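Q: one predicted model, sequence on top.
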Amino acid sequence: MFKSKILTAGLALVLAATLTGCGNGSHSSGSAANGSAAAGSGDTSAVTYKYFSFGGPKKQVLGSETTIGKELQKQTGVDWNIEYLVGDGDTKAGVMIASGDYPDIIDSSGQMAKLMDAGAFIPLDDLIEKYGPNIKRVYGPYYEKFRQKDGKLYFFPYGANIGYLSEPNFQTGFYIQRSVLKEFNYPKIKTLDEYFDLIKKYKEKHPQVDGKDTIGFATFAGEQGSFYTLQNPAMHLAGSPNDGSTIVDMKTHEAKLVAGSEYQKRWIGKLNEANAEGLVDPESFTMNRDQYLAKLTSGRVLGYFSYSWQVGDATNNLKKAGNDDKRYVALPIVFDKEIKDQYIDPPGFVNNYGIGITVKAKDPVRIIKYFDNLLKEENQILVQWGIKDQSYAVDENGRYTYANDEQRQIHEDPEKSMKFGFDYFNYSWPRYGNSSVLQDGNAYGPGSQPEVATFGYTDGDKQLLAAYGVKTFSELFSNPDERPWFPAWSIALEQGSPEQMFITKADDLQRNHLPSMILDTPANFSKNWDDYMNQLNKLDKKTYEDFITKKVQDRVAGKW
Amino acid sequence: MNKTSLFFSRLIQQRTLALMCLPFVIWAFVFKYLPIWGWTMAFQNYKPARSFSEQEWAGLKHFRILFEDSTFYRVLRNTLVMSSLQLVLGFVTAITLALLLNELKNIIFKRVVQTVSYLPHFISWVVASSIVLTVLSPDGVINLLLMKLHLLDKPELWMGKGNYFWGILAGTQVWKDVGWNTIIYLAAITSIDPAQYEAAEIDGASRFQRILNITLPGLKPVIIILLIMNLGNILESGFEPQYLLGNGMNLEYSENLDIFVLKYGLGMGSFSLGTAAGIFKTVVSFIFLFSANHIAKRMGESRLF
């Protein structure tokens, strides 16, 4: 008797739990439907939505706490609770997907494949059709490049360029300390051998800096997610822009894996040789980001390879310190004199990153209207340049520039730029691409405006540029060639596919083998290389190359 | 009185106690037992955002992938070695420190040692691993010291040699947690009857003999219970220290089950594979826990259940 009572009670409990479970599900979809139904009115009542970004960590903020966010709130009534990823992106995305607990909009960064797979975003086609004239203007020409398999649009990538203007202060590649160039009267160096020779000569002359040993060359291959800093130079040295883990043939459009190629052998071999001469910092393979940046600012490092955005903090701090000789300049180093460097990215379209509206968004219509409003040119100027006479000035020719240091600092001083909102609004939203040109001919962003680029040059900058007979840093580099598929790294791999399995395993293999190969004696190099190749060849390289080749050829044919 | 009514009369008698337990029983049920439902994922080609009935069943496919992968065995080895090291060293050092602290007569010194030793427990692994990386870097304190003592002629790249990793990790964990682990033993020691010590002293037992014959046997129940509980966690070698201290060069030794699950499960969106690895972990832990408990029971010692 009693037993059956317990049983009934238990069953009731289970039933109740199931019911509430289902209730929740239907409730949320119901509210989404209500949202679309209530649309139409030019509603500007105050609301706050949630924005989550998987991009680089920043302080959590309320959009209206920044000048730009406040201005946009005035226009639309919408405010954002902007939150950034803390910790590991894979874990966070996994938890978010498993729980189905999404914010209103998500900036996917590298988590797009997973989020799309989970159906986290709502299709936008109808919304854009109804409420998005500006979206159509900006993104319209690119639709085919980010349409998903089902023929619908689910998110906005960040690179819809309108026109093209390159960045005058381009800084990526093989950095060298300016004192090294100065010491030898600004020699013109182009090849990897020349680069290391110069560093070696300087190190012999100055074995110590501030009482500590000079470090010839360092790179950043210790942290889990930064190993590409050691993998990618092989590709750049061979005269290819960053196409991810492959080099794409310009004529046949065949993608060849960099790992295990002759290029990689040559690059790793050179490092091995340089290490034997005491030029390579072994800590390159073990240190974390903080240690790396601290080392770069210590003045002990003569050369390093990095992308400019990896070392922004170190670069800014060195500039602030005011010693031009201890600062660095990036050079377009290649293997041989005949190779044309391709460090500057050609115009491309990154179609696997973006911002989308999630299935949990309370009012997709208001959000799409907010996006559309954001894409008006005046608001695009707001998020890039700020407010006229406050953060930029317009000269008599209608050119945008900084009138004084205060205006420049609003953009360059990390704290001021955060307060103004550039950090929060100038990227990771529906936007013009970085290389865009405004209707009046000004650059879309201050970074591409020549007047602005030269404004902040120090005496050291001017001296260096004069020594090489150029006006801006990017003139040291060759112009990019046209690559209609660019960038190949944005080719999305399907979750759990053989291609993804291959690249995960190949990366692990490289993380394990390349550093120890570099640090071993040169006598063992060819044996170590063969050993590595043996293991690499066991993996299914062909499937991966074929997959990327096919995608590249599709892109060339206009099918993105 | 039959058994059920006896149970209920007792329940009513101790209703306050039972009520106090209730929230925790519910908590355990909701957070520890309900999620077991998620294990079904291991037998499906799980795709999020699909309802249960739409999932595609895959049988034991994911277990097969797991056991056929050579990485898995390496990772399993690392996990077992790292957690055994942690288990043994954790016990030995904490008990030793507790015994030593107990013998201290100078209260101030004792407090200082205790505080200093348990402080590292409160810093996060991110900070702790940064400290370790800095200390062990080529121009760090350890290398400097060893070079001054002429034990090394050039700086050693400690984090770059896989075979050092287990030692470094074990040392780090001991440094971080020894003080904290000591607390429970110190508490157990205070519950030992002081009369026993006095009697032993009168009988002429030396300090060492007192430790051996009074303190240690007094600690035995605590040690055994903790050992059984920790054996249940034998495949939990931790995640953060390995992730933060690991790099390409020590990958062969630093990658453990949790990192494997992160990389091949969450990282690739293969929730099923991750779950399969999780189930494997649970089963192994379960076996360890029950055997340890059974052995304790056989030997007539205190046990968990």
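A: Received it, and whenever you're ready, just let me know what you need.
Q: residue A:154 versus the residue in the stretch 301-450 of chain A that chain B sits nearest to, what's the distance?
A: With C-beta to the nearest C-beta as the measure, residue A:359 is the residue of the stretch 301-450 of chain A nearest to chain B, at 8.2 Å. For every residue, glycine as well, the C-beta is placed using N, CA and C. Here the criterion is C-beta to C-beta, to the nearest Å. By it, residue A:359 lies 11 Å from residue A:154.
Q: list residues touching both of these two?
A: Where contact means C-beta atoms under 8 Å, 6 or more residues apart in numbering or on different chains, the residues bridging residue A:359 and residue A:154 through contact with each are A:121-122.
Q: of the two, who's got more company?
A: residue A:154 (21 against 17; other C-beta atoms under 10 Å in any protein chain shown).
Q: the closest residue to the more buried one other than its chain neighbours - how many residues pack around it?
A: Nearest residue to residue A:154 in three dimensions, chain neighbours excluded: residue A:121, at 4.3 Å (C-beta to C-beta, 6 or more residues apart in numbering or on different chains). Residue A:121 has 25 neighbours, counted by other C-beta under 10 Å.
Q: and residue A:121, what does it touch?
A: When the contact criterion is C-beta under 8 Å, 6+ apart, the partners of residue A:121 are A:106, A:115, A:154-155, A:356-359.
Q: residue 96 sits in which helix or strand?
A: Picked chain A for this. helix A:89-99 (DSSP states H and E).
Q: I was after chain B.
A: Secondary structure from DSSP H and E places residue B:96 in helix B:70-103.
Q: who does that helix touch, helix- and strand-wise?
A: helix B:107-118, helix B:165-190, helix B:216-231, helix B:251-254, helix B:257-260 (3 or more C-beta pairs under 8 Å, 6 or more residues apart in numbering or on different chains; DSSP states H and E).
Q: give me the buried positions along the first one.
A: By neighbour count with 16 or more other C-beta atoms under 10 Å in any protein chain shown, helix B:107-118 contains the buried residues B:110, B:113-114, B:117-118.
Q: and the residue in chain A that chain B sits nearest to, helix, strand or coil?
A: Ranking the residues of chain A by distance to chain B (C-beta to the nearest C-beta) places residue A:511 first, at 3.0 Å. Under the three-state scheme (DSSP: H, G, I helix; E, B strand; the rest coil), the conformation of residue A:511 reads as helix.
Q: now it: closest residue in space that isn't a chain neighbour?
A: With C-beta to C-beta, 6+ apart as the measure, residue B:248 is the residue that lies nearest to residue A:511, at 3.0 Å, once sequence neighbours are left out.
Q: any idea how far that neighbour is from residue A:457?
A: Distance of residue B:248 to residue A:457, given as C-beta to C-beta: 39 Å.
Q: do the same with residue B:185
A: Residue B:185 sits 65 Å away from residue A:457, going by C-beta to C-beta.
Q: quick one, which of the two is more surrounded?
A: The neighbour comparison of residue B:185 against residue A:457 (other C-beta under 10 Å) goes to residue B:185, with 24 against 16.
Q: just checking, the more buried one touches residue B:92?
A: No - the pair residue B:185 / residue B:92 is not scored as a contact, 11.7 Å apart, by C-beta atoms under 8 Å.
Q: am I right that residue A:175 sits in a strand?
A: Yes - following the definition three-state DSSP, residue A:175 is counted among the residues of a strand.
Q: how many other residues sit next to it?
A: Considering only other C-beta under 10 Å, residue A:175 is surrounded by 26 other residues.
Q: check residue A:339 too.
A: Counted by other C-beta under 10 Å, the residues lying close to residue A:339 total 18.
Q: same check, this time on residue A:139
A: One way to gauge burial is a neighbour count; for residue A:139, by other C-beta under 10 Å, it gives 22.
Q: could you look up the SS state of it?
A: Under three-state DSSP, the three-state class of residue A:139 is helix.
Q: how near is it to residue A:432?
A: 10 Å.
Q: then residue A:416?
A: Applying C-beta to C-beta, the value for residue A:416 to residue A:432 is 23 Å.
Q: quick one, which of the two is more surrounded?
A: Taking other C-beta under 10 Å, residue A:416 and residue A:432 do not tie; residue A:432 has more neighbours (24 against 16).
Q: and that one, what's its pLDDT?
A: With respect to pLDDT, residue A:432 has a value of 94.
Q: give me phi/psi at it?
A: phi -70, psi 150 (degrees, to the nearest 10).
Q: again with residue B:44
A: phi -120, psi 170.
Q: contact residues of chain B facing chain A?
A: Taking C-beta under 8 Å from any C-beta of the partner chain, the part of chain B that reaches chain A is made up of B:4, B:47-49, B:71, B:129-130, B:133-134, B:137-139, B:157, B:159-160, B:243-244, B:246-249, B:251-252, B:262-271, B:273.
Q: could you flag which of these are buried?
A: So, of the residues of chain B next to chain A, B:47-48, B:129-130, B:133-134, B:137-138, B:157, B:159-160, B:243-244, B:246-249, B:251-252, B:262-271, B:273 end up buried under the neighbour-count rule (16+ other C-beta under 10 Å).
Q: quick revisit: so the residue of the stretch 301-450 of chain A closest to chain B is in contact with residue A:122, correct?
A: Yes - with contact defined as C-beta under 8 Å, residue A:359 and residue A:122 form a contacting pair (5.6 Å).
Q: related to what we said a few turns ago, so which of the helices and strands packed on helix B:70-103 comes closest to residue B:77?
A: Put simply, out of the helices and strands packed on helix B:70-103 the one that sits nearest residue B:77 is helix B:251-254, at 9.1 Å, with distance taken as C-beta to C-beta.
Q: which strands and helices sit next to the closest one?
A: helix A:498-519, helix B:70-103, helix B:165-190.
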